[in-house]
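Participant: All I have is the shape, not the residue letters:
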């Protein structure tokens, strides 16, 4: 099974799960996190159970997890008493950081202590990371989005790079950030935007990502 | 220069500030209560270094003058006096606080402690895995929404405690066999259960290479709330065994924490368990009870970082994971005697 950690309201994620149904993909939602059936022993994470798409499943049956959200927010926990939602959301996020970090299977992107899907960096932090990785930053990109290239790094594969230098820059930034999946917006050889949750509507990107998720960790 | 950021009235912040003043250190307080009147400008400089300045009602401080930073921020609403996200005061304070947190993560200065490093404490099972990797014994742990699994865990371990999974402060409580209310809530929120470890609590404060350990004698399950259960608390300075002291020092260093409050328990068999590493310890509770010079040790660490930076030593080298120091070091210039 491949679990996609995302909101039920995330149409891109639900479409991805449908597209990957033959590969055993299923949505791991906030509602699942608040359901009976989770068992996590930090000393033996592989022996536990998870709840995915409403079903308790052995952790050992998870081949990979794709994380598509930085956090669970209180507002989406409609089944929890309003007064308890903020507390429960904090608990769920803390639980997910511990669980995802301990999983023996592939997790893309792996969580950090402040986000479930890779570093929770703002623009300035990405700029600093780019500078340290030796990647140029473009401060003044054109308004026309069509003038920008969005390069997607997916494990060892780079998609949609206009040239080898752009591919190399995107890979260096991904390595520096410690992520396997990254969208890097580029203009004129410089980076002007970064996302740890790239647009996955493209069939080829979906296929490349699925292949990466199926590889052993 | 050493910059302190937080809200005056916070006991650890005040204690470090006073300790620095006693040393005549070049320290400046950035008062978080005035965040709405403070602007923090950050930009990328040469070689990816983040530079900029802080402007508050007292003037402008170029960030490249700050060589050491001690952080004790409170939540923005508490500092600025409003939790109304639509208010201009809240928005200005939140923007200023967020910029300070960003800068603390990427600053060239020595930071006690970087927010990124502190965040590990927000997930107890995550931090427990780091602690176990350092070789400390950790209690058997279960995080679950499955009531049957809890009952099985209780049967296996006998006495069991429960507490929050996140960094939200909770009272550590012993699970009673009849506590059906607590178990009902488990089904909708992952809850952390741990094997109860009998023994004596020890709080270890690490400040760079300095180690100050305090033994806590109390019959309460959570000594921080002992008065609620009518239990007494007594605290005395403790000299740790060499290997335990070195383990604490090295673990804090590995977690990139220049200052840490490590919660240990020594069992009657002499085994040392570690429960948690607090990245922003409220050390004044222990200092007031024992007279241990914890604020002075933190002040000394900040001064060392400040001096190293003045001589061009990169801040991120951090405290060395040196070996051989098992005796808490006397803090130079402080009138209090060494812990024994």
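Facilitator: Structure's in. What do you need? Since this is a predicted model, take the numbers as computed values, not measurements.
Participant: pretty sure residue A:73 contacts residue A:92?
Facilitator: No: assessed by C-beta atoms under 8 Å, residue A:73 is found out of contact with residue A:92, at 9.8 Å. (Each C-beta comes from the backbone N, C-alpha and C, glycine too.)
Participant: which residues touch the closest residue to chain B within chain A?
Facilitator: Residue of chain A nearest chain B, by C-beta to the nearest C-beta: residue A:131 (2.6 Å). Residues in contact with residue A:131, defined by C-beta atoms under 8 Å, 6 or more residues apart in numbering or on different chains, are A:137, B:44, B:47, B:48.
Participant: What pLDDT does the model give the last one?
Facilitator: According to the per-residue confidence, residue B:48 scores 82 in pLDDT.
Participant: which sections of chain B are below the confidence cut-off?
Facilitator: For chain B, applying pLDDT under 70 flags the ranges B:170-172, B:177-178, B:225-227, B:312-340.
Participant: for it, which helix is longest?
Facilitator: Secondary structure of chain B per DSSP state H: the longest helix is helix B:88-106.
Participant: List the buried residues in that one.
Facilitator: For helix B:88-106, burial by neighbour count (16 or more other C-beta atoms under 10 Å in any protein chain shown) applies to B:90-97, B:99-106.
Participant: Go ahead and name everything in contact with the helix or strand hosting residue B:153.
Facilitator: Element membership for residue B:153, per DSSP states H and E: helix B:147-157. For helix B:147-157, contacts defined as C-beta under 8 Å, 6+ apart pick out A:36, A:39, B:140, B:142, B:144, B:160, B:175, B:177, B:183-184, B:186-187, B:191, B:193, B:195-196.
Participant: related to what we said a few turns ago, remind me what the longest helix of chain B packs against, helices and strands.
Facilitator: If contacts are counted by 3 or more C-beta pairs under 8 Å, 6 or more residues apart in numbering or on different chains; DSSP states H and E, helix B:88-106 sits against helix A:123-132, strand B:39-44, strand B:50-56, helix B:76-80, helix B:115-118.
Participant: Note down every partner strand of whatever helix or strand comes next after the third one and its orientation.
Facilitator: Using DSSP H and E, the helix or strand that follows strand B:50-56 in sequence is strand B:59-62. Strand partners for strand B:59-62, identified by DSSP bridges, are recorded as strand B:50-56 (antiparallel).
Participant: Can you point out the buried residues in the strand it pairs with?
Facilitator: For strand B:50-56, the neighbour count (16+ other C-beta under 10 Å) marks B:50, B:51, B:52, B:53, B:54, B:56 as buried.
Participant: For the closest residue to chain A within chain B, give me its contacts.
Facilitator: The nearest approach of chain B to chain A comes at residue B:48, 2.6 Å away (C-beta to the nearest C-beta). Going by C-beta under 8 Å, 6+ apart, residue B:48 touches A:127, A:128, A:129, A:130, A:131, A:132.
Participant: Please repeat the previous calculation with a cut-off of 6 Å.
Facilitator: A:128, A:131, A:132 (C-beta atoms under 6 Å, 6 or more residues apart in numbering or on different chains).
Participant: So residue A:98 sits against residue B:125, correct?
Facilitator: Yes: the criterion here is C-beta atoms under 6 Å, and residue A:98 meets it with residue B:125 at 3.2 Å.
Participant: picking up where we left off before, tell me which of the contacts of helix B:147-157 fall in helices.
Facilitator: Per DSSP H, these map to helices at B:183, B:184, B:186.
Participant: Put the buried members of these into a ChimeraX selection.
Facilitator: Applying 16+ other C-beta under 10 Å to those leaves a buried subset, and the ChimeraX line that selects it is:
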select /B:183,186
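Participant: What is the nearest of the ones in helices among the contacts of helix B:147-157 to residue B:254?
Facilitator: Using C-beta to C-beta, residue B:186 comes nearest to residue B:254 of the ones in helices among the contacts of helix B:147-157, at 33.0 Å.
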